[in-house]
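Participant: After the sequence you'll find the predicted model.
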Amino acid sequence: MMIGFASLFMIGCSSGGSTNLEEGGTITLDLGHGGSTDSHLNEAAKKFIELVDEKSDGQIIINNHPNSELGAEREMTESVQSQLLDIAIVSTGPVGNFADKVNALDFPFLFDDRKHAEKVLDGPVGEEINQQLEEVNLKNLYWVDNGSYHIATNDKPIRTLADMKGLKFRTQENQVQIDTMNALGAKATPIPFSELFLSAQQGVVDGQGNSLAVLIPNSYYEVHKYLTITNHMYSAGLILMNNDQFKSYPEDVQQILLDAAKEAGTHEREFVQQLNAEYLEKAKANGMEIIEGVDLEPFKEAVQPVYENHADKYGELHQIIRENK
């Protein structure tokens, strides 16, 4: 069915011109993300593009730009905010620099499991964060799953908390993640994801915290010898759009974008879980030593000051998160 929106005649997209969908015109949008072509982020992008095409009868066209083609995550978020980029799928890490409530999600050992995290993101806490994002001209179409973080290291296996001491660990440009790595005894080193592989290869960093969904499709087994299973942080992601641009569309177009994002995000969440076992086997097959059964209580105790130091800002949200299981 053709979208009947005469009002779209006056709307100009950043990558298309004015268009009248009522007369069979199209809207063309650009979507950027940092994932490889076989990553979970690209899976979300492909599914979203497919659903938008289907729901709009081909009248909304979205071009996919993987592999940080349009910049690192912080740069893409800035581009979306200033309407230089239509859509970006990014992790929470850099987004907290734009809306600080996002940082509440990136604390270590905060969620019991991914179901707990999804309930929080799809509930009042997620909505409160979304509202703050809208205040800085960012619209989160839906929350996606960026995987649970483990510890990957170049040359030194992490079997105890003491093994972390003095190692240079990459973090995102996110103060909570920086404080977490420092609390664990490492030296936090903020580096954009687009620069991370080379930094690990050259020894600029000794390791990183990241999910299997990021590590394996991006071949980090080529630079990290060890993977310690910690599940120390659930990493959420967002399908971001410029809020003014989103609101400029008629309600029907807005609904297509929201519905497609929710369906794509739900699909992507399951995709991540289904591939975790496969990713683990691939890591082993490519020479990574997988370290399991580590006593995590000393790690959890070590990061408590991170919660205490940020209690004034995030304590209330954390209490709601803990109660919302």
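Facilitator: In hand now; what should we look at?
Participant: Next up, the contacts around Ile151.
Facilitator: The contact partners of Ile151, by C-beta atoms under 8 Å, 6 or more residues apart in numbering, come to Ile158, Gly207, Gln208, Gly209, Leu227, Thr228, Thr230, His232. C-beta here means a position set from N, CA and C on the backbone, and glycine is covered the same way.
Participant: For beta bridges, what are the partners of the second one?
Facilitator: Partner residues in beta bridges with Gly207, using DSSP bridges, are Thr153, Phe169.
Participant: Could you report the separation of it from Leu227?
Facilitator: From Gly207 across to Leu227, the span is 10 Å (C-beta to C-beta, to the nearest Å).
Participant: Now for the two: what residues contact both?
Facilitator: Common neighbours of Gly207 and Leu227 (C-beta under 8 Å, 6+ apart) are Ile151, Ala152.
Participant: And the strands in the protein?
Facilitator: 27-33, 60-65, 87-91, 138-153, 168-171, 187-190, 207-211, 226-242, 289-291 (DSSP state E).
Participant: any chance of the contacts of Ile151 in CSV, plus neighbour count, distance to Asp112 and pLDDT?
Facilitator: Shown next, in CSV, are these (neighbours: other C-beta atoms under 10 Å; distance: C-beta to C-beta, whole Å; pLDDT from 0 to 100):
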residue, neighbour count, distance to Asp112, pLDDT
Ile158, 23, 23, 98
Gly207, 28, 25, 98
Gln208, 28, 24, 98
Gly209, 25, 19, 96
Leu227, 27, 22, 98
Thr228, 25, 20, 98
Thr230, 20, 14, 97
His232, 21, 13, 96
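Participant: just curious, which of those residues is nearest to Leu133?
Facilitator: Checking the contacts of Ile151 against Leu133 by C-beta to C-beta gives Gly209 as the nearest, at 24.1 Å.
Participant: Spit out the contact partners of that closest one.
Facilitator: By C-beta under 8 Å, 6+ apart, the contact set of Gly209 is Tyr149, His150, Ile151, Ala152, Phe169, Arg170, Thr171, Gln177, Met181, Thr230, His232, Met233.
Participant: Try it again at 6 Å.
Facilitator: Residues counted as contacts of Gly209 (C-beta atoms under 6 Å, 6 or more residues apart in numbering) are Tyr149, Ile151.
Participant: Can you give me the neighbour number for Asp106?
Facilitator: Using other C-beta atoms under 10 Å, Asp106 has 25 other residues around it.
Participant: And the pLDDT at the most centrally placed residue in the chain?
Facilitator: The centre of the chain sits closest to Ser91, judged by C-alpha atoms, centre = their mean, with a distance of 1.9 Å. In the predicted model, Ser91 carries a pLDDT score of 95.
Participant: biggest helix in the protein by residues?
Facilitator: Across the chain, the longest stretch assigned as helix under DSSP state H is helix 251-285.
Participant: Which strands or helices does it pack on?
Facilitator: helix 40-55, strand 138-153, helix 212-215 (3 or more C-beta pairs under 6 Å, 6 or more residues apart in numbering; DSSP states H and E).
Participant: any idea of the mean pLDDT in the first one?
Facilitator: Looking at helix 40-55 alone, the average pLDDT works out to 97.
Participant: now the second one
Facilitator: For strand 138-153, the per-residue pLDDT values average out at 97.
Participant: In that strand, which residues are buried?
Facilitator: By neighbour count on 16 or more other C-beta atoms under 10 Å, the buried set for strand 138-153 is 138-153.
Participant: buried set for stretch 43-59?
Facilitator: Burial within stretch 43-59, assessed by neighbour count using 16+ other C-beta under 10 Å, is assigned to Glu43, Ala44, Ala45, Lys46, Lys47, Phe48, Ile49, Leu51, Val52, Lys55, Ser56, Gln59.
Participant: Check stretch 269-279 too.
Facilitator: Quick answer for stretch 269-279 (16+ other C-beta under 10 Å): Arg269, Phe271, Val272, Leu275, Tyr279.
Participant: Now do it: everything it contacts.
Facilitator: With C-beta under 6 Å, 6+ apart, stretch 269-279 has contacts from His40, Glu43, Asp145, Gly147, Leu212, Ala213, Ile216.
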